[in-house]
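Chemist: Predicted coordinates and the sequence they were generated for:
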Amino acid sequence: MIADEILIAALLYVVACLGLVLYQQKQTAKLRSKVEALTLLVKESDRQREAVKRELQELRSGTIGVGRRMLELEKRLAKQDARIDETSQQDPQARLYSRAMKMVSLGAGVEELVAECELPKAEAELLLRLHGKG
C-alpha cells in the first residue's frame, strides 16, 4: 500500500512537472514572438532614422549652398550701393536731386524745392507727386 501511495504521488509529481514544462514552453513561445516583433520594430526604426539622417544631410547641404549664394549677393549689392553712392557724389545734378528727394520726404513744398535746390517748378511738382507722402 505504501508503495502504491508512493507510485501515485510520483505519478502526480510527474504530471505536475509536465504541466509546468508545457506552461513554460507556452510562455517561452509568447516571449519569443514578442522579441521577434520588437526586433522588427527596431529594424524599421533604424531604417527610418537612416532615411531622416539622409534627408537632414541633404537639407544641410542645401542650406549651406543658399548661404553661400546669399553672401555672394550681399557682396554684389554692397558693390552696387557703393557705385551708386560714388556716381551720385560725382554728379552734382544727381546730388541736387538726392537732396530734393530728401527734402520731399521731410515734408518740403514746391516753393522750398525751387528755392533751395534751384529746380524748375514743374520738376519740383513732379518730385512731390512721385515721392511725396500723399
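Modeler: The structure has been received and is ready for your questions.
Chemist: Would you indicate which residues of stretch 95-115 are buried?
Modeler: 100-101, 103-104, 108, 110, 113-114 (16 or more other Cβ atoms under 10 Å). (Each C-beta comes from the backbone N, C-alpha and C, glycine too.)
Chemist: So which elements touch the least confident helix or strand in the chain by mean pLDDT?
Modeler: Across the helices and strands of the chain, mean pLDDT, DSSP states H and E gives its lowest value to helix 92-105, namely a mean of 78. Judged by 3 or more Cβ pairs under 8 Å, 6 or more residues apart in numbering; DSSP states H and E, helix 92-105 is in contact with helix 2-90, helix 110-117, helix 121-131.
Chemist: Give me whichever of those helices is most buried.
Modeler: helix 110-117 (a mean of 16; mean count of other Cβ atoms under 10 Å).
Chemist: Not counting it itself, show me its contacts.
Modeler: Residues external to helix 110-117 that are found in contact with it (Cβ atoms under 8 Å, 6 or more residues apart in numbering): 96-97, 99-100, 103-104, 108, 119-121, 124-125, 127-128.
Chemist: now with 7 Å?
Modeler: Contacting residues not belonging to helix 110-117 are listed as 96, 99-100, 103, 119, 121, 124-125, 127-128 [Cβ atoms under 7 Å, 6 or more residues apart in numbering].
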